[in-house]
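>>> return a 3D structure for these sequence lines:
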Amino acid sequence: MLPEYQFDHCVYSITENNLTEEGLVYGYNKCATFLGLTKERAHVGLTVILTSKWMFASVLTGPYMNCSNGNPVYLDGFSFAGLVSLQIVYSKWPASAGLENDDPTIL
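Okay, here's the model as predicted:
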């Protein structure tokens with residue numbers, strides 16, 4: 001576990017010896033057991049990031065916001081990797097009249 005992340009997650013180290021299909025399935029099953037992904041916790045989502053050196057797994061238990069149309073928005077896996085994905089923001093007056101700059105940014 002990483003102390004910076006205050007949510008359920010785990011990191012599994014991968015070596016050259018277990019960089020096989022069986023080794024990856026074993027690593028995933030270890031992560032799933034650690035995170036408690038059982039029938040009682042079947043309602044959560046899961047984000048997995050896999051590299052040649054490690055596997056990161058994290059559960060998603062709820063959206064962090066809702067879009068203007070009411071759809072829930074969940075973090076994607078690249079959010080954990082430090083990449084940024086910008087949400088679509090629909091302009092409202094006065095920005096729709098060109099009076100304000102409402103271009104989405106990472107800030």
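
>>> quick one: low-confidence parts of the chain?
Along the chain, segments meeting pLDDT under 70 span 75-91, 94-95, 98-107.

>>> which positions in whichever helix in the chain runs longest come out as buried?
Counting residues, the longest helix found in the chain (DSSP state H) is helix 21-35. Across helix 21-35, burial judged by 16 or more other Cβ atoms under 10 Å covers G27, Y28, C31, A32, L35. Just so you know, the C-beta spots here come from the backbone N, C-alpha and C atoms, and that holds for glycine as well.

>>> with distance to N69 added, can I get these in a markdown table?
Formatted as a markdown table, the buried residues of helix 21-35 follow (distance: Cβ to Cβ, whole Å):
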| residue | distance to N69 |
| --- | --- |
| G27 | 38 |
| Y28 | 34 |
| C31 | 34 |
| A32 | 33 |
| L35 | 31 |
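
>>> quick one: name whatever helix or strand follows the longest helix of the chain.
strand 45-50 (DSSP states H and E).

>>> quick check: next helix or strand after that following strand?
On the C-terminal side of strand 45-50, the nearest following helix or strand under DSSP H and E is strand 54-60.

>>> residues in contact with the helix or strand that that next one is followed by?
Following strand 54-60 in sequence order, the next helix or strand is strand 65-66 (DSSP H and E). For strand 65-66, contacts defined as Cβ atoms under 8 Å, 6 or more residues apart in numbering pick out P72, V73.

>>> do the same with stretch 8-24
Here stretch 8-24 makes contact (Cβ under 8 Å, 6+ apart) with 1-2, 26-28, 30-31, 34-36, 50-59, 61.

>>> list the buried ones in that stretch?
Neighbour-count burial for stretch 8-24 [16+ other Cβ under 10 Å]: D8, H9, C10, Y12, I14.

>>> now it, how far from the chain's geometric center?
19 Å (Cα atoms, centre = their mean, to the nearest Å).

>>> ok, now stretch 12-30?
That offset, for stretch 12-30, works out to 21 Å (Cα atoms, centre = their mean).
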